[in-house]
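Visitor: pasting a predicted model and its sequence here:
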Amino acid sequence: MILTGASPDECWPLVRDYHYSGRMPANIQHCYAARAEGGLFGDTGSVTAAVIFSIPPTRWSEDVLELSRLVRCPNHATPLSGLIAFGCRWLRKDGCHLLVSFADWTERHHGGIYQAAGWQYAGMRERRMDGLIVNGQFKSGRSCNHAWGTRSPERLRAVLPSADIEPHYDEGKHLYWRALTVAGKTRAKRLGLDSLPYPKPDNAACPSDAPAPAGVSQEHPLEAAPSNIYS
């Protein structure tokens, strides 16, 4: 396995095929990938896992990046905590101070991967309206805004008077965070981010990740990781 920087286009097939959302996040800033070894002259094989960091869709009073997608294909056997650790090291080099991520309890994700990677737990976010049910089909808030210019049920009923439209609420999300620098710890303190005991899965058989390894199998040199900002 080789860990490198990646482009959103390289990550998209994994998100499309294997992530429960099936959607790329907006405002992507950095992507990192695990790649299969293969080829001659140092070439690499296909992307087997990816982590994507973006600007959070909700406004924060401090500058943070959100780990918004973490995905792997079924034949990727290496713990994803190593890929997260790799991305964190590069983000710190790039000047990032504080990361956040959400584990979606609607999908029964309790954040085991973030626990394995040593992130701090700040508690459960309250239920929020995350989209609409339009004629029996779920549409995310982002998709509603893109398609109709609103995610408000009342406003959309005025646009689509013959449609059956109801709000959809998630079941809350577990908030995790990681400070990459001393400045990041200061930002987390100003945001009031707690360090609480980790939540446990409601199913004892729920798979968990292995602890973050001390190193990765192979890392490209510094120039391999992207320092540019994706729009």
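Guide: It's in. All of these numbers come straight from a predicted model, not from anything done at the bench. Numbering: from 1, shown residues only.

Visitor: can you list the low-confidence ranges for the chain?
Guide: 39-43, 107, 202-231 (pLDDT under 70).

Visitor: which helices and strands sit right next to the lengthiest helix in the chain?
Guide: Using DSSP state H, we find that the single longest helix of the chain is helix 80-93. Where contact means 3 or more C-beta pairs under 8 Å, 6 or more residues apart in numbering; DSSP states H and E, helix 80-93 is packed against strand 2-6, strand 28-37, strand 44-54, strand 65-72, helix 112-116. From N, CA and C alone the C-beta is placed, and that goes for glycine too.

Visitor: which parts of the longest one are buried?
Guide: Of the residues in strand 44-54, those with enough neighbours to count as buried (16 or more other C-beta atoms under 10 Å) are 44, 47-54.

Visitor: contacts for the helix or strand following the longest helix of the chain next, please.
Guide: Next helix or strand after helix 80-93 toward the C-terminus (DSSP states H and E): strand 98-104. When contacts are defined by C-beta atoms under 8 Å, 6 or more residues apart in numbering, strand 98-104 is touched by residues 20, 53, 56, 60, 62-68, 70, 88, 91, 109-111, 114, 119, 125, 170, 173-180, 183-184, 187-188.

Visitor: how long is stretch 70-79 from one end to the other?
Guide: Separation of the first and last residues of stretch 70-79 by C-alpha to C-alpha, to the nearest Å is 12 Å.

Visitor: can you tell me the closest non-neighbouring residue to residue 46?
Guide: Nearest non-adjacent residue to residue 46, counting by C-beta to C-beta, 6 or more residues apart in numbering: residue 36, 5.6 Å away.

Visitor: my read: the one you found touches residue 48, true?
Guide: Yes - in this structure, residue 36 is within contact of residue 48 by C-beta atoms under 8 Å, at 5.7 Å.

Visitor: next, the angle from the longest helix of the chain to strand 2-6.
Guide: 50 degrees (axes from the mean of the first three to the mean of the last three C-alpha atoms, to 10 degrees).
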